[in-house]
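Enquirer: Below are the sequence and a predicted model; questions follow.
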Amino acid sequence: MAFRRFFVGLLAFVIAAAAPVQSVQSFGLGHLGAKGGFGSGGTSSASTILAPPAGFNWPFATYPIAIKKTGATFTTNFVPENYATAALAGPSYYVNCSTGNDANPGTSGSKVKSIWKATQLGNAGGVPFNVQADYVSAGCPRENGFSNVSTTVPNTQPAAYIAVGGTLEIWTGSTLTWSGSPDPTFTTLYTTTRASVSQVINPTILDAYGDPIMATQYADAATANAASGSAWAQVGSTLYVKWVGGAAVTNANTRALLKATPNFVTDATSKDVYVKGFFFQGGANGAVAMTAAATMNFVAVNVKAGYAGDSTNSVNGFKLDFITGLAALVNSVGTNAQADGINSHWTPGGTPGLYTLTINSVGRNNGRDTVQSCNGLTSHDGVISIDVGGEYFGNFGANVIPINASQTWAVGTYAHDSLGDVSHGGATTPTDFQTQNTATMWIQNGRSAVSATSLLASNTSTIKTRNFLPGVGQSPGAGGGTITTF
């Protein structure tokens, strides 16, 4: 009855019919649009507020959210800024990674150069604060990002970080001195002095999804030199790189991401944090990572996290872990990570205190080298999750998979084109939605496509569907668990 009264109260909200995902740019309107409605059985514009599935243990009184279905579209009443009210109203510190100076006070007329420096100034003020970081086409290298080269600088006061003027790229490398002409022996390669490289990306050549392309790593310069596509090799402290098409390698088109460098990190001292408009590239713990127990909320809006990890360090784009609170991703993307795109765990043990919410978010093209079970969206250790309008594809493992005793309510979620992990030495054939152990996933108005297996419930886990639409030729797998409706 308490939950029914909660939904009745929500009728006071004016929730507009949603626009397509790509058009959702404003987040103070009391609603967010999400694609969905697959298998809805009609085109009626009648609106319904969805009741959560029986047995789903989200604490709605603590983290209230309602999901409204209008025709083939879903909206929610979730307002990210409600979790950053004090920070957004607090003092502002200003950053420009190109023209700023860390000796400045961080005012609008005297900006600092580094986001970590603005964090230090905000922490020292002892009150919630916000950081306004200017868009810079070259992005912010590791010395000017959220971490000071290799030293993390978490916010010890509630904080909001906002990129102004465009998506600001935060990358775990530094500008380098390139050879200017090809190597005399390996004549397709350019060189620089740089050790401990994890990945080499090109921000001027984007793939079909708008992400920088990665060069392929080879064991030695001779093999990289002979390769037909973009290539790199690490030989001692010499880095060899070439790009398809033969363009000269410069700092403008080349970012060498580093193995031991953190990117965005929270720790045991962290407080609530709101992040909007950044693209985190690389990271030793994950491109965005929670690394120690803290009571806090984490909210990301229009944030990408990618290219994290290396061949010996299997980490994720988003590593959501440890925190007692809400971790919410809105219009955010986990991409090209060594392991998972969006990954949540409850490492502290005992009763899980982490709840994850993903709205209009994406996990794509994750899993590199021979890493197995690389997922677009995954939860572990009893984490409770809601996904609204997410899209998960191109991952070397099941695209969406709660594990252990986790619960996921997936509304309007679309999973497709899994690559499976057989090519990485694993046993998972292309699978869109999977559960393992004792996990439960409710899929409401979701769909899958292309992958051989639409649904797979392993061990004693359970998948429950409502208005689910599999793709042509897809079928459920036989994993020992239960697949039913609700």
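Expert: In hand now; what should we look at? No experiment lies behind these values; they were computed from the predicted model shown.

Enquirer: got any ranges where this structure has weak pLDDT?
Expert: Across the chain, the ranges flagged by pLDDT under 70 are 1-45.

Enquirer: Show me which helix runs longest in it.
Expert: As assigned by DSSP state H, the longest helix anywhere in the chain is helix 115-125.

Enquirer: After it, which helix or strand is next? Please name it.
Expert: Per DSSP states H and E, the first helix or strand lying C-terminal to helix 115-125 is strand 129-134.

Enquirer: give me the element the spatially most central residue of the chain is part of.
Expert: Centroid check for the chain by CA atoms, centre = their mean gives Gly334 as the closest residue, at 3.1 Å. Here Gly334, judged by DSSP H and E, is contained in strand 333-335.

Enquirer: what sits up against that strand?
Expert: Residues from elsewhere that reach strand 333-335, judged by CB atoms under 8 Å, 6 or more residues apart in numbering: 209, 211, 287, 303-307, 316-318, 340-343, 361-366, 376-377. Yep, even glycine has a C-beta here, placed from its N, CA and C like the rest.

Enquirer: Emit the ChimeraX select command for whichever of these are buried.
Expert: Buried subset of these, written as a ChimeraX selection, criterion 16 or more other CB atoms under 10 Å:
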select :211,287,303,304,305,306,307,316,317,318,340,341,342,343,361,362,363,364,365,366,376,377
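
Enquirer: Beta-bridge partners for Val388, please?
Expert: Ile359, Val411 (DSSP bridges).

Enquirer: Does it touch Thr73 like I think?
Expert: No. Contact criterion CB atoms under 8 Å: Val388 and Thr73 do not qualify, at 10.8 Å.

Enquirer: Just name whatever secondary elements the helix or strand hosting Thr408 is in contact with.
Expert: Using DSSP H and E, Thr408 falls within strand 407-411. Packing partners of strand 407-411 (3 or more CB pairs under 8 Å, 6 or more residues apart in numbering; DSSP states H and E): strand 384-388, strand 400-402, strand 440-444.

Enquirer: One more pass at 7 Å, please.
Expert: Judged by 3 or more CB pairs under 7 Å, 6 or more residues apart in numbering; DSSP states H and E, strand 407-411 is in contact with strand 384-388, strand 440-444.

Enquirer: May I see these arranged in JSON lines, with mean neighbour count as well?
Expert: What follows is the helices and strands packed on strand 407-411, written out as JSON lines (neighbours: other CB atoms under 10 Å):
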{"stretch": "strand 384-388", "mean neighbour count": "26"}
{"stretch": "strand 440-444", "mean neighbour count": "26"}
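
Enquirer: Val149: which of the ones you listed is closest?
Expert: When these are compared by CB to CB, strand 384-388 sits nearest Val149, at 34.1 Å.

Enquirer: Check which element follows that closest one along the chain.
Expert: Taking DSSP H and E, what comes next after strand 384-388 is strand 391-393.

Enquirer: Can you give the distance from that following strand to the centre of its chain?
Expert: Mean C-alpha position of strand 391-393 versus that of the full chain (CA atoms, centre = their mean, to the nearest Å) differs by 12 Å.

Enquirer: what's the answer for stretch 308-328, then?
Expert: With CA atoms, centre = their mean as the basis, stretch 308-328 stands 9 Å off its chain's centre.

Enquirer: Not counting sequence-adjacent ones, nearest residue to Thr269?
Expert: Sequence neighbours aside, Thr156 is the residue nearest to Thr269 in space, at 4.8 Å (criterion: CB to CB, 6 or more residues apart in numbering).

Enquirer: Check the gap between the one you found and Thr119 for me.
Expert: 9 Å (CB to CB, to the nearest Å).

Enquirer: The two: which is more packed in?
Expert: Thr119 (26 against 16; other CB atoms under 10 Å).

Enquirer: Look at the residue nearest to the more buried one when sequence neighbours are not counted and say how many residues are nearby.
Expert: Once flanking residues are discounted, Thr119 sits nearest to Val153: 5.0 Å by CB to CB, 6+ apart. By other CB under 10 Å, 20 other residues sit near Val153.

Enquirer: ok so, going back, and whatever helix or strand comes next after the strand holding Gly334, what other elements does it pack with?
Expert: For strand 333-335, the following helix or strand on the C-terminal side (DSSP H and E) is strand 342-344. Contact here means 3+ CB pairs under 7 Å, 6+ apart; on that basis strand 342-344 packs against strand 318-320, strand 354-359, strand 377-379.

Enquirer: Adding distance to Val131, write those strands out as a markdown table.
Expert: Below are the helices and strands packed on strand 342-344 laid out as a markdown table (distance: least, CB to CB, whole Å):
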| stretch | distance to Val131 |
| --- | --- |
| strand 318-320 | 20 |
| strand 354-359 | 23 |
| strand 377-379 | 28 |
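
Enquirer: so which of those gets nearest Ala457?
Expert: Of all the helices and strands packed on strand 342-344, strand 377-379 comes closest under CB to CB, at 15.2 Å.

Enquirer: Wait, a strand at Asn225?
Expert: No. Assessed with DSSP: H, G, I helix; E, B strand; the rest coil, Asn225 is helix; it does not lie in a strand.

Enquirer: Contacts only, for the closest residue to it other than its chain neighbours.
Expert: Counting by CB to CB, 6+ apart, Asn225 lies nearest to Phe186, which is 3.9 Å off, once chain neighbours are set aside. Neighbouring residues of Phe186 by CB atoms under 7 Å, 6 or more residues apart in numbering: 221-222, 225, 240.

Enquirer: Can you tell me which of those end up in strands?
Expert: Tyr240 (DSSP state E).

Enquirer: Considering the contacts of Phe186, which possesses the most neighbours?
Expert: Neighbour counts for the contacts of Phe186 (other CB under 10 Å) peak at Tyr240, which has 27 neighbours.
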